[in-house]
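A.B. asks: Have a look; sequence and predicted model below, questions after that.
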Amino acid sequence: MIDLSLEAARIVVATALRTARERNLKPLAVVVYDARGALKCVEVEDGTSLRRAEIASGKANGALALGMGSRAIHARAEQQPYFVAAVTHLAGPAALVPVPGGVLIRNKDGRLLGAIGISGDTSDNDEICAVAGIEAAGLVAETGA
């Protein structure tokens with residue numbers, strides 16, 4: 001069994017940040033966790049607003065906790081607000097952020113390797129950068145779309 005390597009996590013983060021700079025996005029915070037929820041890699045660009053790393057962490061943690069990209073969690077929050085509120089309460093206030101930007105990382109066979117969370121620009125732009133990073137590492141992104 002091959003887990004998410006530090007090298008792959010670094011590629012994901014570096015590419016996500018490079019994509020943000022190429023698109024002239026606001027400064028980002030990027031957090032990557034492995035499949036068991038252990039922190040693998042984090043980078044926060046100069047100029048990010050306060051708590052962006054915690055928001056990015058909540059996007060990634062939420063994706064891991066519920067087994068779906070945070071775009072799907074966002075849709076579920078609109079359809080079942082009490083469920084997402086209850087899960088947020090159980091997980092803790094910073095452990096689930098139900099907006100796009102939390103993306104599951106899978107290998108080519110579909111096995112879960114981890115998740116990335118990004119915060120700093122619009123949620124859609126955060127997600128675009130996450131997907132670019134995952135694909136650059138030769139892995140598969142699951143946004144929940």
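C.D. replies: That came in fine, so what should we check first?

A.B. asks: what about the strands in the chain?
C.D. replies: Taking DSSP state E to define them, one finds strands in the chain at 29-34, 39-44, 102-106, 112-119, 140-142.

A.B. asks: so for the fourth one, what's the average pLDDT?
C.D. replies: Strand 112-119 comes out with an average pLDDT of 98.

A.B. asks: Return the residues in contact with residue 41.
C.D. replies: Residue 41 sits next to 6, 9, 10, 12, 13, 30, 31, 32 when contact means C-beta atoms under 8 Å, 6 or more residues apart in numbering. Where you see a C-beta, it was placed from the backbone N, CA and C, and this is true even at glycine.

A.B. asks: closest to residue 66 among those residues?
C.D. replies: Of all these, residue 31 has the smallest distance to residue 66: 16.7 Å, by C-beta to C-beta.

A.B. asks: What is the burial count for the closest one?
C.D. replies: Residues lying near residue 31 (other C-beta atoms under 10 Å) number 28.

A.B. asks: so what's it closest to, chain neighbours aside?
C.D. replies: residue 56 (4.4 Å; C-beta to C-beta, 6 or more residues apart in numbering).

A.B. asks: tell me the pLDDT at that neighbour?
C.D. replies: 97.

A.B. asks: Next: residue 94.
C.D. replies: The per-residue pLDDT of residue 94 was computed as 65.

A.B. asks: so which of the strands of the chain gets nearest residue 52?
C.D. replies: strand 29-34 (3.8 Å).

A.B. asks: Give me the packing partners of that closest one, helices and strands only.
C.D. replies: Applying 3 or more C-beta pairs under 8 Å, 6 or more residues apart in numbering; DSSP states H and E, we find strand 29-34 packed against helix 6-22, strand 39-44, helix 52-66, strand 112-119, helix 123-136.

A.B. asks: tell me the most buried of these?
C.D. replies: Neighbour counts (mean count of other C-beta atoms under 10 Å) averaged over each of the helices and strands packed on strand 29-34 peak at strand 112-119, with a mean of 28.
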